[in-house]
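Trainee: Whatever this is, show me its structure:
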Amino acid sequence: MSARRTLSLRDRLGLGFLAVGVISVVVAIIVAFTTHQFLMSQMDDRLDSYAGPGFYDQPIRSLPDNLQQLEDEERPSEATRGYVDANGTLYVFVTSNIEGATDAVPVIPLEQLTADSTHFTAPASEGSSEFRVLARPAGNGWDITALPLDDVKAATKQLILIEAIGIVLMLGTLGLVAWWVNRLGIAPMRRMVGASTQIADGDLDVRLDTNQGGSETNELAHSLNQMIEKLTDALTEREKSEARLREFVADASHELRTPLTTVLGYAELHRRGALADAENQNDAWARTEAEAARMRRLVEDMLTLAKYDAEPHLDTRDIHLGSLATEVVADATVAYPDTTFVFAGGEATVLADGDRLRQALLNVIANAAVHGGDTVTVSVAARDETATIRVHDNGPGMTPEVAARATERFVRGDTSRQRATGGAGLGLAITAAIVDAHGGTLSVESLPGQGTSVTISLPAAASE
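Mentor: Below you'll find the predicted structure:
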């Protein structure tokens with residue numbers, strides 16, 4: 001059982017080919033032997049027919065008289081008739097009189113002659129021919145009837161030749177079939193096994209040739225290539241996710257460490273009595289409260305992101321983006337008096353959660369007011385089946401590398417992480433999560449010295 005399991009498909013194909021060859025040879029030998037025996041049996045019947053009742057039924061007294069009796073028979077015959085005396089001397093009475101007959105006569109070994117009628121094969125007196133001989137006791141010797149075996153030997157040789165040619169053709173055809181099966185099926189499978197082994201060892205750059213065998217083999221190779229591609233993408237994405245998670249943990253720890261250090265510092269000062277007068281105490285408690293509020297906002301932002309990472313609940317209805325942008329711009333004008341806000345117009349309708357979409361747009365506008373220049377322009381547009389809100393500021397801009405990561409968590413244009421420059425870098429990340437929950441996309445375009453454009457793209461409502 002274990003030996004069978006260790007055989008490869010190629011080995012099994014080879015063993016099957018060998019078994020067919022051996023069986024074919026054995027069958028050919030059996031057929032040739034059986035046919036030869038049948039022909040020899042027919043030859044013995046012919047000998048019995050040629051011999052007839054025979055003159056040996058009466059005691060032979062005069063060989064010349066008997067010879068004269070046989071010579072008087074003029075019918076064509078291929079049989080050789082004769083007599084062997086007790087000393088083993090052969091007296092030939094009649095030889096074959098058909099055209100092309102040999103002049104050779106059988107050489108009768110005395111040990112083959114018995115008291116009963118006997119059929120046996122004897123060599124010829126000349127050449128390589130043989131005779132089939134019928135010896136019957138007659139008087140003081142044996143009556144001999146012999147027929148040449150040339151036809152039997154020729155028929156047997158022809159049969160063996162035909163069988164040999166048939167076996168060669170059959171094995172040749174089977175060999176071509178085996179080669180074809182190996183080339184189109186087994187060899188590609190072995191290459192796939194080798195590629196799978198390389199993949200298991202960690203080499204994900206391996207790809208299979210999809211034009212190397214039959215259609216099923218090519219389809220399997222194509223499927224395996226797709227599987228490898230997906231596996232590679234999954235591993236790459238996992239590595240990126242792990243890197244983002246490590247970065248998120250590090251950034252969250254950094255953002256929380258500063259306010260915690262401030263709170264613990266003032267608590268330590270209070271415990272040691274370093275804040276004796278009321279003014280210092282009020283200042284310390286104000287700073288402690290501000291840092292606690294910052295930690296609360298950070299935790300709330302992270303909870304918001306966690307909620308959108310799960311399955312956020314959206315209360316959707318038709319939202320007119322022009323009206324929404326007008327309201328948010330009006331609110332921002334009051335909140336950020338040092339920045340000029342311009343609504344460039346436009347109208348589009350989307351199916352969205354109004355509160356969530358307002359939060360997303362407000363995050364983008366606030367981010368532009370804090371980090372951008374002194375002018376922020378908001379525009380709405382509808383094209384085909386997509387509605388867009390574009391927020392552009394005339395600020396210092398960002399490098400393309402920073403802009404590409406602007407929607408990631410804890411990523412800020414100001415890499416120094418100074419508190420004066422803004423929040424923790426979660427505003428655009430929350431906005432991107434809200435937009436994604438609505439089935440839209442958020443893109444950031446920026447160049448140093450040319451400002452920054454943030455575009456929110458959403459599926460337009462059916463009425464549009």
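Trainee: contacts, neighbours, all on C-alpha from now
Mentor: Will do.
Trainee: Which elements pack onto whatever helix or strand residue 22 lives in?
Mentor: Applying DSSP states H and E as the criterion places residue 22 in helix 9-51. Helices and strands touching helix 9-51, by 3 or more CA pairs under 8 Å, 6 or more residues apart in numbering; DSSP states H and E, are strand 130-138, strand 141-148, helix 150-181.
Trainee: for the second one, packing partners?
Mentor: Applying 3+ CA pairs under 8 Å, 6+ apart, we find strand 141-148 packed against helix 9-51, strand 80-84, strand 130-138.
Trainee: Could you give the average pLDDT over the first one?
Mentor: Right, the one you point to is helix 9-51. Computed over helix 9-51, the mean pLDDT rounds to 88.
Trainee: so that helix versus strand 130-138, what angle?
Mentor: Helix 9-51 and strand 130-138 are oriented at 40 degrees to each other (axes from the mean of the first three to the mean of the last three CA atoms, to 10 degrees).
Trainee: what angle do helix 9-51 and strand 80-84 make?
Mentor: Using the same axes, to 10 degrees: helix 9-51 against strand 80-84 is 70 degrees.
Trainee: Now do helix 9-51 against strand 141-148, angle only.
Mentor: Using the same axes, to 10 degrees: helix 9-51 against strand 141-148 is 130 degrees.
Trainee: Low-confidence stretches in the stretch 351-464 of the chain?
Mentor: 409-427, 462-464 (pLDDT under 70).
Trainee: Please enumerate the strands of it.
Mentor: With DSSP state E, counting those that start in this stretch, the ranges of strands along the stretch 351-464 of the chain come out as 375-383, 386-393, 441-446, 452-459.
Trainee: Take the helices and strands packed on strand 141-148 and write them to TSV, including distance to residue 107 and mean neighbour count.
Mentor: Shown next, in TSV, are the helices and strands packed on strand 141-148 (distance: least, CA to CA, whole Å; neighbours: other CA atoms under 10 Å):
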stretch	distance to residue 107	mean neighbour count
helix 9-51	17	15
strand 80-84	11	23
strand 130-138	9	23
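Trainee: Compare the ones you listed and give me the one nearest residue 315.
Mentor: helix 9-51 (61.5 Å; CA to CA).
Trainee: Which one, of the helices and strands packed on strand 141-148, ends up nearest to residue 197?
Mentor: helix 9-51 (17.8 Å).
Trainee: Okay, angle between that closest one and helix 150-181 too, please.
Mentor: Computed by the same axes, to 10 degrees, the angle between helix 9-51 and helix 150-181 is 170 degrees.
Trainee: Most tightly packed of the helices and strands packed on helix 9-51?
Mentor: strand 141-148 (a mean of 26; mean count of other CA atoms under 10 Å).
Trainee: Show me what that one pairs with in its sheet, parallel or antiparallel.
Mentor: Note on strand 141-148: by DSSP bridges, its sheet partners are strand 80-84 (antiparallel), strand 130-138 (antiparallel).
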